[in-house]
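K.L.:
Make a model of this:
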Amino acid sequence: MLSCTILGTNTDIIQQIKVYIDNTQRLYLRKQMAENLSVPSSQSDILFIINKPAIAKDIFDCRGAVIIITNEKEIFAQPGFVIVSPLSLTYQSFLDAILKATGLHLLPILPRQENSFFIQTGQTNKRIKIYLHDIYYIKALSNYVEIQCTKAKYITYVSITAIHRQLFSYNKFIRIHRSYIINTDYIIKADGGHVLLENSTEIPIGISYKEGFYKFLDLHTLKPKHAV
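P.N.:
Numbers count the residues shown, from 1 in each chain. Got it, this is the predicted structure:
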């Protein structure tokens, strides 16, 4: 197993990295820190630094691989440093960065075969089964989430990050905003900063999720042949 440490304060990117670690074979999260690089740098196999350029310059003695998530690429052209832009941080770019930093080709944990899960509502011991194919989107609201399905809307007191972990193995679900996960089967169109779903709901695309989302669309878009 490879130990990972996350250093940074950007909660969106931290949660994204945590989900990726949780769903990758041979990785586990050893520690998360906002400051003080000296302890984790000497004890972790992979160190993820998020938007910490000043601290990153002082980690040449780190025994593990160093992956820096930042837009300031020109500052860190150093051997052993792998730079990933936060705007292109997808699961595939996460795996690619680990491969470049460690030489290891890691694989995702095998997808689960279930087509449903249960949620708990506000009533004691009441459980409701949610079928994945019924979900239009999931929206974060304070300390709970709203699950909009084809026939009903449900509320459960879990975080959107917990739901994201639950759905990560299913490639039909993608997070396109810090507050939204959508079922891509129900996309009618994507136009600039919004996605329109079949139930006529328009969902915003977050800036930090936009590049990854459109890369996903590119993989599923028919390309016209160029005229000879």
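K.L.:
For residue 202, list each beta-bridge partner.
P.N.:
Per DSSP bridges, the residues bridged to residue 202 are residue 196.
K.L.:
which neighbours does the host helix or strand of residue 154 have in its sheet, and in what orientation?
P.N.:
Using DSSP states H and E, residue 154 sits in strand 153-156. If you go by DSSP bridges, strand 153-156 pairs up with strand 144-149 (antiparallel).
K.L.:
Report the distance from the partner strand to the chain centre.
P.N.:
The chain centroid and the centroid of strand 144-149 are separated by 19 Å under Cα atoms, centre = their mean, to the nearest Å.
K.L.:
buried sites along that strand?
P.N.:
Going by neighbour count (16 or more other Cβ atoms under 10 Å), the buried part of strand 144-149 is 145, 147, 148, 149. C-beta: built from backbone N, CA, C; applies to glycine.
K.L.:
show me the contacts for the first one.
P.N.:
If I follow you right, that is residue 145. Counting by Cβ atoms under 8 Å, 6 or more residues apart in numbering, residue 145 touches 138, 139, 155, 156, 158, 159, 160, 163.
K.L.:
Buried subset of these as a ChimeraX selection?
P.N.:
A single ChimeraX command selects the buried members of the contacts of residue 145 (16+ other Cβ under 10 Å):
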select :138,139,156,160,163
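K.L.:
and which of the contacts of residue 145 is nearest residue 70?
P.N.:
Distance ranking of the contacts of residue 145 against residue 70, using Cβ to Cβ, places residue 160 first at 24.7 Å.
K.L.:
how about the closest one, phi and psi?
P.N.:
Note on residue 160: its backbone torsions stand at phi -70, psi -30 [degrees, to the nearest 10].
K.L.:
What of residue 13?
P.N.:
Dihedral angles (degrees, to the nearest 10) for residue 13: phi -70, psi -40.
K.L.:
hang on, the earlier thing: now for the helix or strand just after the strand holding residue 154, which elements pack on it?
P.N.:
Downstream of strand 153-156, the first helix or strand assigned by DSSP H and E is helix 160-167. The contact analysis (3 or more Cβ pairs under 8 Å, 6 or more residues apart in numbering; DSSP states H and E) places helix 160-167 against helix 11-22, strand 135-141, strand 144-149, strand 173-177, strand 180-183.
K.L.:
what does helix 160-167 rub up against?
P.N.:
Here helix 160-167 makes contact (Cβ under 8 Å, 6+ apart) with 15, 18-19, 22-23, 117, 132, 138-140, 145, 147, 173, 175, 178-179, 181.
K.L.:
Would you agree residue 139 is in contact with residue 178?
P.N.:
No - when contacts are counted by Cβ atoms under 8 Å, residue 139 is not listed as touching residue 178 (10.8 Å).
K.L.:
Present the buried residues of strand 144-149 as JSON lines; the columns should include distance to residue 121 and pLDDT.
P.N.:
Listed next are the buried residues of strand 144-149 as JSON lines, based on distance: Cβ to Cβ, whole Å; pLDDT from 0 to 100:
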{"residue": "145", "distance to residue 121": "12", "pLDDT": "95"}
{"residue": "147", "distance to residue 121": "11", "pLDDT": "96"}
{"residue": "148", "distance to residue 121": "15", "pLDDT": "97"}
{"residue": "149", "distance to residue 121": "14", "pLDDT": "96"}
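K.L.:
Domains in the chain, by residue range?
P.N.:
Here the domain parsing of the chain from automatic domain parsing is 2-102, 118-219.
K.L.:
could I get these as JSON lines with distance to residue 109?
P.N.:
Output for the domains of the chain, formatted as JSON lines (distance: least, Cβ to Cβ, whole Å):
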{"stretch": "domain 2-102", "distance to residue 109": "5"}
{"stretch": "domain 118-219", "distance to residue 109": "7"}
